[in-house]
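Undergrad: Here is my input, please return the structure:
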Amino acid sequence: MVQDLIIGKRIGKRIGKLSILIWNVLFKKIGGLSFILSEPLVILALIVNFAIGPMVLTFYKA
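TA: Numbering: from 1, shown residues only. Modelled structure (predicted):
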């Protein structure tokens with residue numbers, strides 16, 4: 001149980017770092033929050049990103 005939580009936290013940190021990296025790249029290339037928020041693909045990617053975290057945790061617990 002404790003090992004699963006540690007593994008889950010590590011994966012969560014990696015996903016978090018990846019999402020931050022993606023955000024930084026988007027901001028540097030596009031340079032505007034309004035454009036990012038108006039882009040449906042980016043919103044979809046963020047939803048998927050936040051949905052993957054809990055799914056990975058439940059997968060490791062199973």
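
Undergrad: before we move on, which element is Leu41 in?
TA: Assigned by DSSP states H and E, Leu41 falls within helix 40-61.

Undergrad: Please apply the same query to Arg10.
TA: If you go by DSSP H and E, Arg10 is part of helix 2-30.

Undergrad: rewinding a little: and the helix holding Leu41, what other elements does it pack with?
TA: With contacts taken as 3 or more C-beta pairs under 8 Å, 6 or more residues apart in numbering; DSSP states H and E, helix 40-61 sits against helix 2-30. C-beta here means a position set from N, CA and C on the backbone, and glycine is covered the same way.

Undergrad: In the chain, what helix or strand scores lowest on average pLDDT?
TA: Scoring the helices and strands of the chain by mean pLDDT, DSSP states H and E places helix 33-38 at the bottom, with a mean of 58.

Undergrad: just to revisit the earlier point, pLDDT on the helix holding Arg10, on average?
TA: Per-residue pLDDT over helix 2-30 has a mean of 69.

Undergrad: same thing with stretch 43-51?
TA: Averaged over stretch 43-51, pLDDT sits at 74.

Undergrad: likewise stretch 54-62?
TA: 66.

Undergrad: measure Asn24 to Pro54 for me?
TA: Distance of Asn24 to Pro54, given as C-beta to C-beta, to the nearest Å: 24 Å.

Undergrad: again with Ile15
TA: Taking C-beta to C-beta, one finds Ile15 at 10 Å from Pro54.

Undergrad: go on, Leu18?
TA: Counting by C-beta to C-beta - Leu18 and Pro54 are separated by 16 Å.

Undergrad: cool, Ile22 as well?
TA: Noted for Ile22: a distance of 19 Å to Pro54, by C-beta to C-beta.

Undergrad: Over to Trp23?
TA: As judged by C-beta to C-beta, Trp23 and Pro54 stand 20 Å apart.

Undergrad: likewise Lys17?
TA: Separation of Lys17 from Pro54 (C-beta to C-beta): 17 Å.

Undergrad: and if you look at Gly16?
TA: Computed as C-beta to C-beta, the Gly16 to Pro54 distance reads 13 Å.
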